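Using only what follows, build the 3D model:
(chains A and B)
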Protein chains: 2
Amino acid sequence: MEYEFSKKLSELKPSAIREIFKSLTDPEIISFAAGNPAPESFPVTELSKISADIFENHSTAALQYSITEGYPPLREAISKRQKCKFGIGTDNDSTLVVSGGQQGIELACKAFCNEGDVVICENPSFIGALNSFRSNGAKTVGVELESDGISIEGLEKALLGNPNAKLLYIIPTFQNPSGITTTLEKRRAVLELARKYDIMILEDNPYGELRFNGNDVPTIKSMDTEGRVIYCSSFSKILSAGMRVGFVIANESIVQKMAVAKQGEDVHTNIFFQMLCHRYITEYDLDAHIKDINALYRRKCQLMLDCIDKYVPASKVTFTRPDGGLFIWGTVKNCSDVSPIVQRLLEKKVAVVPGSTFNCDTSAPSSCFRLNYSTPSDEQIVEGIKRLGKVFEEL
Amino acid sequence: MEYEFSKKLSELKPSAIREIFKSLTDPEIISFAAGNPAPESFPVTELSKISADIFENHSTAALQYSITEGYPPLREAISKRQKCKFGIGTDNDSTLVVSGGQQGIELACKAFCNEGDVVICENPSFIGALNSFRSNGAKTVGVELESDGISIEGLEKALLGNPNAKLLYIIPTFQNPSGITTTLEKRRAVLELARKYDIMILEDNPYGELRFNGNDVPTIKSMDTEGRVIYCSSFSKILSAGMRVGFVIANESIVQKMAVAKQGEDVHTNIFFQMLCHRYITEYDLDAHIKDINALYRRKCQLMLDCIDKYVPASKVTFTRPDGGLFIWGTVKNCSDVSPIVQRLLEKKVAVVPGSTFNCDTSAPSSCFRLNYSTPSDEQIVEGIKRLGKVFEEL
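Down below sits the predicted model:
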């Protein structure tokens, strides 16, 4: 039979990344297309020890239904760490445990957007968030992302042009896909504009702790005194991505609304892994673990950049030089649409993600592509960038 | 600052069950209000063994990002078991792993309902599903639930009166909250009407395997040849509720749409526990384990019914005598609103859930209440029903 799907889903297609992943079954392909953390970033031995103890001594609590807001000791540990280390959270704020940062993004949209409302986003932006907004019936409107962050002029124009904009979605630190970090000045300007036009800010910060060069820039949330910012982050890049544990810090009344919606989505997040997270944070040295991850990523990023300098003609393509996160962003000169090059790369057994994937306007072409250095091995980085360089040489 | 929440969420309130749970911090209260499986139903030793082996030998796959549709070996194991044991699933169907049955319900609504569309439900029905529909902007329209299942006459009337009805949500076996099982004849009539009025059926079956008396009645899905039924179930009541692993079996194109929406909600379900589930199903005897659970529930249900017969005046309140599931449903005679009685019970330290909680029309009172026998201990069942009986004696 023919199905009549909801308007919001009938227009939504699986992301191009998913389609690229399907082609990755060919073992000869070197993939720079993923956004996966390095397997070395999972503290397997420690998690295994805690897990055995939970089964031994706390199995009923760990396998039974739990409360929607999250495991109270984990909520407390998160609140404390975010407040002490990053100045995030006020007395009016509360912490909600979510099933990965992705769920925080989705719930924020559900809490503030009716069908047809607008979410303003950096352009390009994280495809998972864009599709989440779309699957809730919201429209995404993109604002140009400059090398120092979102265009402030463009943002004001978008706010003026979209009175039904309810959320500004922004990834200020090591943005996905571009790796760009928004300057402090621009963060202040963003908060100022959000106040002026009375719009909520959804600050997504999954990569913030992955800094291997330079100094932290304060989050927008840490400058927020009135409760305008919904802050979203996760343990995916610092403990385990597969466990799907993230968190939201926002005004208590927002967290309450999001919790009601979360109850309708999955009742609560896997409680066993919430307990595991809590035990790891309180019994081990998470900061030291993150330092190790960042040493690894500094080395892998530098290796990829060195290979780029050596093998890729700078006359044809330029690259960002990130201070953290997981991605390098390439821009092809004198190119309106990178798709044929991405296709050519795939033929030469290198997978990258075309920039168009991350566009708010899904039909707009892009001259950019995204490279990931956390997932491939050192050998794959060297060989893959060699192949990539050769394709650009031959252009 | 004041927040302007989305229409769908601003009207939604935390469920009454949640509010009752908050009062349960008093250790003297005996709670029949939960819907939790008995802790004895978790195969802790086996899960612990598998878990240790996963950490030892498969940690990377178990902690890394995975695919949205679910862990392929688990999907296969589910499909095979459902097909062989219950005749569920055709060649055009596919299986989607979800984060608890709750997510299957939510995704089905997202896939088929625009804001303002109607979901027809049994009245009363599962509050988690009703709130999930509401949080997606759908309206719930209730059809009277009779002692042998949904009123067929009422259903046709609802279908005629709501041309924008997109889904019929139904729990045909050991319904929550009533414990009622829909007869085979009525199941056939439901499918017939759904065809006639071209509406999708969302069949929720979390309790189906918890039968301790009588014979299975075929699911509606097993009679569905054209792909009209979305079948939703979970491992919450047979392995662990806290792990949040459930599944949907539906036509491949529906599963694809739901997977796109799921990607925007939580990317994928906790992969470690998907692997754990798969290993348990394939390496241990799930059917034998379920048999043990049902022996336990038969005994606990019978204990509660015996206490009811002994302590509760039959002249004032009648109870269902379920053949499975987790709930007994009480109906108070000559009573239009059970709320003051539920309040009185709480004062006497017994918690039950008032029937109004499960009404599609949230403002409508109810003469019924729900009792759960899987969570309390035997001693609590005896003492709690004594207290309950005393309150009714004194009415």
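
Buried residues, the helix or strand containing residue A:308. List them.
When elements are assigned from DSSP states H and E, residue A:308 belongs to helix A:286-311. Within helix A:286-311, the residues scored as buried using 16 or more other Cβ atoms under 10 Å in any protein chain shown are A:286, A:289-290, A:293-294, A:296-298, A:300-301, A:303-305, A:307-308, A:311. For every residue, glycine as well, the C-beta is placed using N, CA and C.

Can you name the two of the residues you listed that sit furthest apart?
Using Cβ to Cβ, the buried residues of helix A:286-311 span at most 36.9 Å, a distance reached by A:286 and A:311.

what about the strands in the stretch 151-300 of chain A?
For the stretch 151-300 of chain A, strands defined by DSSP state E, counting those that start in this stretch occupy the ranges A:165-170, A:200-204, A:229-234, A:246-251.

Adding mean neighbour count, mean pLDDT and distance to chain B as columns, could you present those strands in a markdown table?
Below are the strands of the stretch 151-300 of chain A laid out as a markdown table (neighbours: other Cβ atoms under 10 Å in any protein chain shown; pLDDT from 0 to 100; distance: least, Cβ to the nearest Cβ, whole Å):
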| stretch | mean neighbour count | mean pLDDT | distance to chain B |
| --- | --- | --- | --- |
| strand A:165-170 | 25 | 98 | 8 |
| strand A:200-204 | 26 | 98 | 8 |
| strand A:229-234 | 27 | 98 | 10 |
| strand A:246-251 | 26 | 98 | 7 |
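
show me the contacts for residue A:380.
By Cβ atoms under 8 Å, 6 or more residues apart in numbering or on different chains, residue A:380 lies in contact with residue A:30.

Export only the CA atoms of stretch A:154-167, formatted as CSV.
The C-alpha coordinates for stretch A:154-167 follow below in CSV (Å, rounded to 0.1, in the frame of the first residue of the first chain):
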residue,chain,number,x,y,z
GLY,A,154,24.0,38.3,8.4
LEU,A,155,22.5,37.2,11.8
GLU,A,156,20.8,40.6,12.3
LYS,A,157,19.4,40.4,8.8
ALA,A,158,18.1,36.9,9.4
LEU,A,159,16.5,37.9,12.7
LEU,A,160,14.8,40.9,11.0
GLY,A,161,13.6,38.8,8.1
ASN,A,162,12.2,35.9,10.2
PRO,A,163,10.0,37.2,13.0
ASN,A,164,8.9,33.5,13.6
ALA,A,165,12.5,32.5,14.4
LYS,A,166,12.4,30.8,17.8
LEU,A,167,15.9,29.4,18.2
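
what's the spacing between it and its chain's center?
With Cα atoms, centre = their mean, to the nearest Å as the basis, stretch A:154-167 stands 23 Å off its chain's centre.

All the helices of the stretch 201-350 of chain A, in order from the start?
Listed from the start of the chain, the stretch 201-350 of chain A has helices (DSSP state H, counting those that start in this stretch) covering A:252-266, A:271-283, A:286-311, A:339-347.

for those helices, which one sits closest to residue B:169?
Here helix A:252-266 is closest among the helices of the stretch 201-350 of chain A (Cβ to Cβ), at 12.8 Å.

Mark out where each domain of chain A begins and ends.
Chain A breaks down by automatic domain parsing into domains covering A:7-42+A:288-393, A:45-283.

Ranking these by mean neighbour count, which comes first?
domain A:45-283 (a mean of 22; mean count of other Cβ atoms under 10 Å in any protein chain shown).

and the end-to-end length of it?
The first and final residues of domain A:45-283 sit 13 Å from each other (Cα to Cα, to the nearest Å).

and what of stretch A:224-243?
With Cα to Cα as the measure, the ends of stretch A:224-243 fall 30 Å from one another.

chain center to that stretch, what's the gap?
On Cα atoms, centre = their mean, the centre of stretch A:224-243 falls 10 Å from the chain's centre.

that older thread, lowest-confidence stretch among the domains of chain A?
Sorting those by mean pLDDT places domain A:7-42+A:288-393 lowest, at a mean of 93.

What helix or strand is the closest residue to chain B within the stretch 101-250 of chain A located in?
Closest contact between the stretch 101-250 of chain A and chain B, by Cβ to the nearest Cβ, is at residue A:132 (3.4 Å). Per DSSP H and E: residue A:132 is located in helix A:127-135.

what angle separates that helix from strand A:229-234?
Between helix A:127-135 and strand A:229-234, the angle comes out at 130 degrees (axes from the mean of the first three to the mean of the last three Cα atoms, to 10 degrees).

Run through the residues of the stretch 201-350 of chain A sitting next to chain B.
Taking Cβ under 8 Å from any Cβ of the partner chain as the criterion, the stretch 201-350 of chain A approaches chain B at residues A:226-228, A:236, A:240-244, A:251, A:253-254, A:256-257, A:259-261, A:263-273.

Go again with 10 Å.
Residues of the stretch 201-350 of chain A lying close to chain B by Cβ under 10 Å from any Cβ of the partner chain are A:226-228, A:236, A:239-246, A:250-251, A:253-254, A:256-276.

Off-centre distance for stretch A:146-156?
The answer for stretch A:146-156 is 19 Å, by Cα atoms, centre = their mean.

ditto for stretch A:184-195
21 Å.

next one: stretch A:103-110
Distance of stretch A:103-110 from its chain centroid, counting by Cα atoms, centre = their mean, is 13 Å.

close to chain B, is that stretch?
Yes: using Cβ under 10 Å from any Cβ, stretch A:103-110 comes into contact with chain B via A:103, A:105, A:106, A:107, A:109, A:110.

Also stretch A:354-370?
No: shown here: stretch A:354-370 not in contact with chain B (Cβ under 10 Å from any Cβ), separated by at least 13.5 Å.

Ends of that stretch, what's the gap?
End-to-end distance of stretch A:354-370 (Cα to Cα): 7 Å.

With stretch A:131-140 instead?
Stretch A:131-140 has an end-to-end distance of 9 Å (Cα to Cα).

Same check on stretch A:10-24?
Using Cα to Cα, one end of stretch A:10-24 lies 27 Å from the other.

Relative to residue A:219, how far out is residue A:11?
Counting by Cβ to Cβ, to the nearest Å, the gap between residue A:11 and residue A:219 amounts to 33 Å.

swap that for residue A:2, please
Residue A:2 is 48 Å from residue A:219, where distance means Cβ to Cβ.

chain center to stretch A:138-154: distance?
Distance, stretch centre to chain centre, for stretch A:138-154: 16 Å (Cα atoms, centre = their mean).

what residues are up against the residue lying farthest from the centre of chain A?
Distance from the C-alpha centroid of chain A, by Cα atoms, centre = their mean, peaks at residue A:1 (37.9 Å). Contacts for residue A:1 (Cβ atoms under 10 Å, 6 or more residues apart in numbering or on different chains) come out as B:92, B:195, B:198, B:200, B:226, B:227, B:228, B:251, B:253.

Let's see the pLDDT reported for it.
For residue A:1, the model assigns a pLDDT of 91.

picking up where we left off before, can you tell me which of the residues of stretch A:103-110 next to chain B is nearest residue B:210?
Distances from residue B:210 to these, taken by Cβ to Cβ, are shortest for residue A:103, at 29.2 Å.

From chain B, how far off is the nearest residue to residue A:321 once chain neighbours are set aside?
Of all residues not flanking residue A:321 in the chain, residue A:305 sits nearest, at 6.1 Å (Cβ to Cβ, 6 or more residues apart in numbering or on different chains). Shown here: residue A:305 relative to chain B, a distance of 25 Å by Cβ to the nearest Cβ, to the nearest Å.

Residue A:356 now?
18 Å.

what's the offset of stretch A:181-201 from the middle of its chain?
For stretch A:181-201 - counting by Cα atoms, centre = their mean - the centre lies 19 Å from the chain centre.

next one: stretch A:5-15
Per Cα atoms, centre = their mean, the centroid offset for stretch A:5-15 relative to its chain is 22 Å.

Does chain B have contacts with it?
Yes: Stretch A:5-15 lies within reach of chain B by Cβ under 10 Å from any Cβ, at A:5, A:6, A:7, A:8, A:9, A:10, A:12, A:13, A:14, A:15.

excluding its backbone neighbours, what's nearest the closest residue to chain B within the stretch 201-350 of chain A?
Closest contact between the stretch 201-350 of chain A and chain B, by Cβ to the nearest Cβ, is at residue A:264 (3.4 Å). Using Cβ to Cβ, 6+ apart and skipping the chain neighbours, the partner closest in space to residue A:264 is residue B:132 (3.4 Å).
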